[in-house]
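J.: I'd like to go over a predicted model; first the sequence, then the structure.
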Amino acid sequence: MDKNPVISFVSPVYKAEKILDKLVAEIAATMLEIGVSFEIILVDDRSPDTSWAVMQQISERYPQVKSIRLSRNLVSTRLLWRDWRKPKASGWWLWIAT
């Protein structure tokens, strides 16, 4: 049996501390309801707020969530993707929030 999730959701995070819980809860609820395996990868783009701390708390609550913190702020999703290059996503399908 394949242990990879069917879909990987990747979301860059910058000044998003107030919406992260809702984002993850809604994705998780939907995927669990339809019975599709998934992972959520939150990528902190060196946000100056408490997004990183919120991401770590969410990762503890949801085993499907990985939190990654970039070494520097990349400003745009295009640069984030070029620098990050998706090695951490393991799903058959990849969805990237922009």
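T.: Done, it's in.
J.: any buried residues in stretch 17-34, and which?
T.: 20, 23-24, 27-28, 31 (16 or more other C-beta atoms under 10 Å). Where C-beta positions appear, they are placed from N, C-alpha and C, glycine not excepted.
J.: show me where the chain has its strands.
T.: 7-13, 38-44, 65-69, 93-96 (DSSP state E).
J.: in the sheet, who's paired with the closest residue to residue 64 other than its chain neighbours?
T.: With sequence-adjacent residues excluded and distances taken as C-beta to C-beta, 6 or more residues apart in numbering, residue 64 is closest to residue 39, at 5.2 Å. Going by DSSP bridges, residue 39 is paired in beta bridges with residue 8.
J.: mean neighbour count and mean pLDDT added to the strands of the chain, as a markdown table?
T.: Written out in a markdown table, the entries for the strands of the chain read as follows (neighbours: other C-beta atoms under 10 Å; pLDDT from 0 to 100):
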| stretch | mean neighbour count | mean pLDDT |
| --- | --- | --- |
| strand 7-13 | 22 | 91 |
| strand 38-44 | 22 | 93 |
| strand 65-69 | 18 | 92 |
| strand 93-96 | 14 | 83 |
